[in-house]
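S.K.: no sequence for this one, just the structure:
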């Protein structure tokens, strides 16, 4: 039973750290867009960012488990999970911009 509680605490900590990184990204990014948005739109965008951040954080944690085999939350792992949560949304934005550029170049080449 203690092992199950320890695992649950670890998963909750991973989720909290990665979502913290995603929340920081959302708070820093949306005011810079320069457009006024309603609270509901901001909440939906932020929830999407939190989902992406938690996904990136869990991927980082699982990669760490594969390399070390230990689920101990060290300072390096905590920082890595939080940073991957912060950068998860940014990575998707970069891939989206690159994909849009490829599509626009193809459509211009067909003309």
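M.R.: In hand now; what should we look at? Keep in mind that what you see is a predicted model, and the values were worked out from it rather than measured. Numbers count the residues shown, from 1 in each chain.

S.K.: all contacts plus neighbour counts: C-alpha atoms, from now on.
M.R.: Noted.

S.K.: Quick check: buried residues in the helix or strand harbouring residue 10?
M.R.: Assigned by DSSP states H and E, residue 10 belongs to helix 2-29. Neighbour-count burial for helix 2-29, counted by 16 or more other C-alpha atoms under 10 Å, picks out 14-26.

S.K.: So which other helices or strands are in contact with it?
M.R.: Counting contacts by 3 or more C-alpha pairs under 8 Å, 6 or more residues apart in numbering; DSSP states H and E, helix 2-29 is packed against helix 39-68, helix 75-110.

S.K.: Name the residues of the first one that are buried.
M.R.: Going by neighbour count (16+ other C-alpha under 10 Å), the buried part of helix 39-68 is 46-47, 49-58, 60-61, 64.

S.K.: Ok, the last one next?
M.R.: Across helix 75-110, burial judged by 16+ other C-alpha under 10 Å covers 77-78, 80-90.

S.K.: wait, what's in contact with the most centrally placed residue in the chain?
M.R.: The chain has residue 53 as the residue nearest its centroid, 2.0 Å off, counting by C-alpha atoms, centre = their mean. Residue 53 sits next to 18-19, 21-22, 84-89 when contact means C-alpha atoms under 8 Å, 6 or more residues apart in numbering.
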